[in-house]
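Engineer: mind folding the following:
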Amino acid sequence: MHSKDPCKLHKPAGFTLLEVILATSLFALVIVGFAQIMSKSIEIHQINLRERMVMNALQNNLETALASERLLPGKTVLSDGEYQSVSTLKGVVFKSDIEMAQIKNQRDEILNGMYRVKITAQWDEGEGQEQEREAEVYVYRP
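Structural biologist: So this is what the prediction gives:
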């Protein structure tokens, strides 16, 4: 028969409470860090998505202004230089500015019929951060 030594029978068969607490704490720190990174990533994605939508709406409004029959100096596409966007962007105000362009040719003569069309989009990004983007083009209308 085999004789068993009582001292050798008691081997550590698991983790101590301290090891479990340390492992759990380390895991929790990693998860919290990952959650913060994901939260910031989603926030940045939403800001970029909003800006892309504003830029698309800005381009659409610029094309609408260029197609307008009211392209005269000092006049705007619609009254008061403000109008609602063709898109459904909540909280974005579009303003138009159409004026006679002071462009000169090589003989230093002002070119007649040249207009500068500028559409500006303004919105509040949250936390009091005002945002503004604009699109501008020069057009010839004799």
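
Engineer: shaky segments in the chain?
Structural biologist: Under the criterion pLDDT under 70, the flagged ranges of the chain are 1-13, 68-88.

Engineer: can you rerun that using 90?
Structural biologist: Residue ranges of the chain with pLDDT under 90: 1-16, 47, 50, 57-105, 109-131, 137-142.

Engineer: in this structure, which spans are helices?
Structural biologist: Applying DSSP state H to the chain gives helices spanning 17-67.

Engineer: how about the contacts made by L58?
Structural biologist: Listed by CB atoms under 8 Å, 6 or more residues apart in numbering, the contact partners of L58 are F94, I119, A121, R133, E134, A135. Any C-beta I mention is one placed from the backbone N, CA and C, and that applies to glycine too.

Engineer: is the first one in contact with K118, as I believe?
Structural biologist: No - counting by CB atoms under 8 Å, F94 sits too far from K118 to count as a contact (10.9 Å).

Engineer: the two: who's more crowded?
Structural biologist: The residue with more neighbours, out of F94 and K118, is F94; 28 against 16, by other CB atoms under 10 Å.

Engineer: need the buried ones from the contacts of L58 selected in ChimeraX.
Structural biologist: The buried subset of the contacts of L58, as determined by 16 or more other CB atoms under 10 Å, is captured in ChimeraX by this line:
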select :94,119,121,135
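
Engineer: between the contacts of L58, which sits nearest Q59?
Structural biologist: Sorting the contacts of L58 by distance to Q59 puts A135 at the head of the list, at 6.3 Å, by CB to CB.

Engineer: having no further points to raise, I will conclude here.
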